[in-house]
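Student: coordinates for the following, if possible.
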Amino acid sequence: MRRTIRRDGGAVLLGAVALFLCQIPELRAMEFLGQAGVLGEWELTGNLTENEGPAKQFSGPLKMKHVGICTQDGPDERAGEIKLQFAGSESQVTAELMLDDASCKYSARSKMRAYEGTLSCAGRAPVPMLVWLK
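Tutor: Reported below is the predicted structural model:
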């Protein structure tokens, strides 16, 4: 006895949709930790998520807190956004930071487990910045 398999158009469409959904790349998330300033007096923290697109770019909210000993009325805190992009084989990063309506640029190279570079903000002298991405 021979069985005939009937193809249902709905099942084929459902299978095609399932195949398409399996091929969507999962967006990654990472934690951003940093120290800026000559003495590392600024602490930066943020949680970044990967943006869709061909470039490895991440973005998210960012907090910057002054942790130096010269703080008198409690730590100075600022909030903003960061857009971070990897260049090459993740050995270089560039970032744009918006903190309290001030635009800053960061460029760094990978050194061991951190990125060492310079943070440049409009109207201020560039300062060293060390970043860890987890």
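
Student: helix or strand right after the lowest-mean-pLDDT helix or strand in the chain?
Tutor: Lowest by mean pLDDT, DSSP states H and E among the helices and strands of the chain is helix 9-22, with a mean of 44. The helix or strand immediately downstream of helix 9-22 is strand 29-36, counting by DSSP states H and E.

Student: run through who's touching that following strand.
Tutor: 42-50, 58, 60, 62, 64, 82, 84, 119, 127-134 (CB atoms under 8 Å, 6 or more residues apart in numbering). Placement of C-beta: from N, CA and C, glycine included.

Student: where in the protein is pLDDT low?
Tutor: 1-27, 70-74 (pLDDT under 70).

Student: what segments of it are strands?
Tutor: 29-36, 42-50, 57-66, 77-87, 92-99, 102-111, 114-121, 127-133 (DSSP state E).

Student: could I get these in JSON lines, plus columns for mean neighbour count?
Tutor: Formatted as JSON lines, those follow (neighbours: other CB atoms under 10 Å):
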{"stretch": "strand 29-36", "mean neighbour count": "18"}
{"stretch": "strand 42-50", "mean neighbour count": "18"}
{"stretch": "strand 57-66", "mean neighbour count": "18"}
{"stretch": "strand 77-87", "mean neighbour count": "16"}
{"stretch": "strand 92-99", "mean neighbour count": "18"}
{"stretch": "strand 102-111", "mean neighbour count": "16"}
{"stretch": "strand 114-121", "mean neighbour count": "18"}
{"stretch": "strand 127-133", "mean neighbour count": "18"}
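
Student: how close does residue 57 sit to residue 30?
Tutor: According to CB to CB, to the nearest Å, residue 57 and residue 30 sit 12 Å apart.
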